[in-house]
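Enquirer: After the sequence you'll find the predicted model.
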Amino acid sequence: MDEKNKYGLHIHEFNAAYVPQYQEVIKNKPWVFYGEDNLFPNHLLTIYQYSPITRACANATMYGVKGKNLIVKEGDQARVAMANRSETLYEVFEKCVVDRIIFGGFALNIVKSNDGGIAEIYHTDFSRLRAGKEDMFGNVGTYFYSVDWKGTQINPSKWKPVEMPAFNMISDEAPSQIYYVKRYTPMMSYYPAPDWIASLTTSQLDIEIRNFHLNNTQNSMMGSVAISFPNGVPSEEERDIIYRQLEAKYSSTNNAGKFFLFFSENPEVQPTITPIPNNASDAWYSNMAPQIDQTVLTSWGISSPMLLGIKTEGQLGGRTEMLDAYNLFLQTRIIPIQEEMMKVFEKLLFLRDKQPINLGVEQNQILPDELQSQVDIQKGI
């Protein structure tokens, strides 16, 4: 046995915390990498799925932006009825809203008619698209679609991306095209930055803290008890057997309340069980929770956690306060995103129908009609 490791000690090297980075990476591929590993949308989805406060903020924003329906402010309401042979324009709009909120952009598959006009409009999963490289004028002329971009790195032949041209009104171009919608971001040419990008690190921290508590609960024995056997150092194989036996019998929540039972020939070789005092790290993490929530709420532009059903300790709260917070959220966050998206759909409908159109969204309200009326009366509206 190595003299330096005769006690069976193992040195654990801690890896640097990984937080997905928003970046565009040019590599020896026809498409531009979306993040260093080309999987930045997957990381955003993971954070959305597993950070409770982030998911609540995203869902609240989606609920507000989608509204109840699309309306034509002036003209025939039938013009927004169908976007394609099976979906209404509002159904396509709803899907685009989800992508816009999570990824910061959305995409549409435009099917051209025989005369070069627009025949149908479909939603395309934004996370499955990658941009081709721009030309000398800064225009992206093609996009690549794959159901599984991670699979393209493992088995390129099976998950080979499909190349599709960017949307244009040249009549002899391909009949199926991609209309890729993103806001301008300085120093970035291909992909949008999500509105909540400033809280990515905090959202990741939220997930890791919950993982910490879960693992601490499932493996409670590991950090609370030290067991020493003073009868010599066994072989590495024997140490592994003893370790696995103790782990199987006494770790995890299913083994809570069990006790240790050892036999020894004399007191000198009996095992020593030493309790390890709690370092209060769980309390430290718990104290961070309000800061995490506040940071995430700020990045989403939500001034009051009441909008998410979160009661703040010491806050009185009420219908009027909730309505004021929602109206602020509506004016500063919801309506600007709606107006941004309406410009896209108005443009496409104009190209399709050859008539200008002014679209709007029938807004959701946070309270039922009768409660809304009571508050309006109290406020003198």
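Expert: Looks like it came in fine. Residues are numbered from 1 along each chain as shown.
Enquirer: list the contacts for residue 192?
Expert: Each residue near residue 192 by Cβ atoms under 8 Å, 6 or more residues apart in numbering is listed here: 103, 104, 105, 182, 183, 185. No exception for glycine: its C-beta is placed from N, CA and C like everyone else's.
Enquirer: can you tell me which residues contact the second one?
Expert: Which is residue 104. Contacts of residue 104 by Cβ under 8 Å, 6+ apart are 182, 183, 192, 193, 194, 195, 197.
Enquirer: Swap in 10 Å and give it another go.
Expert: 22, 41, 44, 126, 181-183, 185, 191-197 (Cβ atoms under 10 Å, 6 or more residues apart in numbering).
Enquirer: The first one now?
Expert: Taking Cβ under 10 Å, 6+ apart, we find residue 103 in contact with 34, 40-41, 44-45, 48, 125-127, 129, 182, 191-194.
Enquirer: again with the third one
Expert: Taking Cβ under 10 Å, 6+ apart as the contact definition, residue 105 lies against 96, 99, 126, 129, 180-183, 185, 191-194.
Enquirer: 7 Å instead, please
Expert: Counting by Cβ atoms under 7 Å, 6 or more residues apart in numbering, residue 105 touches 99, 126, 181, 182, 192.
Enquirer: Residue 37 looks like it's in a strand, true?
Expert: No. Counting by DSSP: H, G, I helix; E, B strand; the rest coil, one finds residue 37 to be coil, located in no strand.
Enquirer: quick one: it and residue 140, what's the gap?
Expert: Remark: distance between residue 37 and residue 140 (Cβ to Cβ, to the nearest Å) = 21 Å.
Enquirer: check which helix or strand covers the nearest residue to residue 113 once chain neighbours are set aside.
Expert: Spatial nearest neighbour of residue 113, excluding adjacent residues (Cβ to Cβ, 6 or more residues apart in numbering): residue 119 at 3.9 Å. Taking DSSP states H and E as the definition, residue 119 sits inside strand 118-124.
Enquirer: hmm, back to that, closest one to residue 356 out of the contacts of residue 104, please.
Expert: For the contacts of residue 104, the closest approach to residue 356 (Cβ to Cβ) belongs to residue 181, at 19.7 Å.
Enquirer: So that closest one lies in a helix, does it not?
Expert: No. Assigned with three-state DSSP, residue 181 falls outside any helix and is strand.
Enquirer: re earlier: by neighbours, which of the contacts of residue 105 wins?
Expert: Tallying neighbours with other Cβ atoms under 10 Å puts residue 126 at the head of these, with 24 neighbours.
Enquirer: Just put the contacts of residue 105 in JSON lines and tack on pLDDT.
Expert: What follows is the contacts of residue 105, written out as JSON lines (pLDDT from 0 to 100):
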{"residue": "99", "pLDDT": "98"}
{"residue": "126", "pLDDT": "97"}
{"residue": "181", "pLDDT": "97"}
{"residue": "182", "pLDDT": "95"}
{"residue": "192", "pLDDT": "95"}
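Enquirer: Counting neighbours, which bits of the strand holding residue 119 end up buried?
Expert: Of the residues in strand 118-124, 118, 120, 121, 122, 123, 124 count as buried by neighbour count, 16 or more other Cβ atoms under 10 Å.
Enquirer: And that strand, what does it pack against?
Expert: Packing partners of strand 118-124 (3 or more Cβ pairs under 7 Å, 6 or more residues apart in numbering; DSSP states H and E): helix 89-103, strand 105-112, helix 335-353.
Enquirer: out of those, nearest to residue 209?
Expert: Set against residue 209 and scored by Cβ to Cβ, the helices and strands packed on strand 118-124 come closest in helix 89-103, at 21.9 Å.
Enquirer: Return the distance of that closest one from the chain's centre.
Expert: 15 Å (Cα atoms, centre = their mean, to the nearest Å).
Enquirer: so that helix versus strand 118-124, what angle?
Expert: Helix 89-103 runs at 40 degrees relative to strand 118-124, counting by axes from the mean of the first three to the mean of the last three Cα atoms, to 10 degrees.
Enquirer: How about residues contacting stretch 143-152?
Expert: With contact meaning Cβ under 7 Å, 6+ apart, stretch 143-152 is reached by 30-31, 38-39, 128-132, 158-159, 161-164, 166, 178, 180.
Enquirer: The residues you listed, buried ones only, as a ChimeraX selection?
Expert: This is how ChimeraX selects the buried members of the contacts of stretch 143-152, with burial counted by 16+ other Cβ under 10 Å:
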select :31,38,39,128,129,130,131,132,161,164,166,178,180
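Enquirer: Please flag which of the contacts of stretch 143-152 sit within helices.
Expert: With helices defined by DSSP state H, no entry of those lies inside them.
Enquirer: Skipping adjacent residues, who's closest to residue 126 in space?
Expert: Take residue 126 and drop its neighbours on the chain: the residue closest to it by Cβ to Cβ, 6+ apart is residue 99, 4.0 Å away.
Enquirer: Quick check: the one you found vs residue 30, distance?
Expert: 23 Å.
Enquirer: now swap in residue 214 and tell me
Expert: In terms of Cβ to Cβ, residue 214 sits 42 Å off from residue 30.
Enquirer: Check what pLDDT residue 214 gets.
Expert: Note on residue 214: pLDDT of 76.
Enquirer: Who are the contact partners of it?
Expert: By Cβ under 7 Å, 6+ apart, no residues touch residue 214.
Enquirer: I'd guess it is in a strand, am I close?
Expert: No. Residue 214: not assigned to a strand; according to three-state DSSP it is helix.
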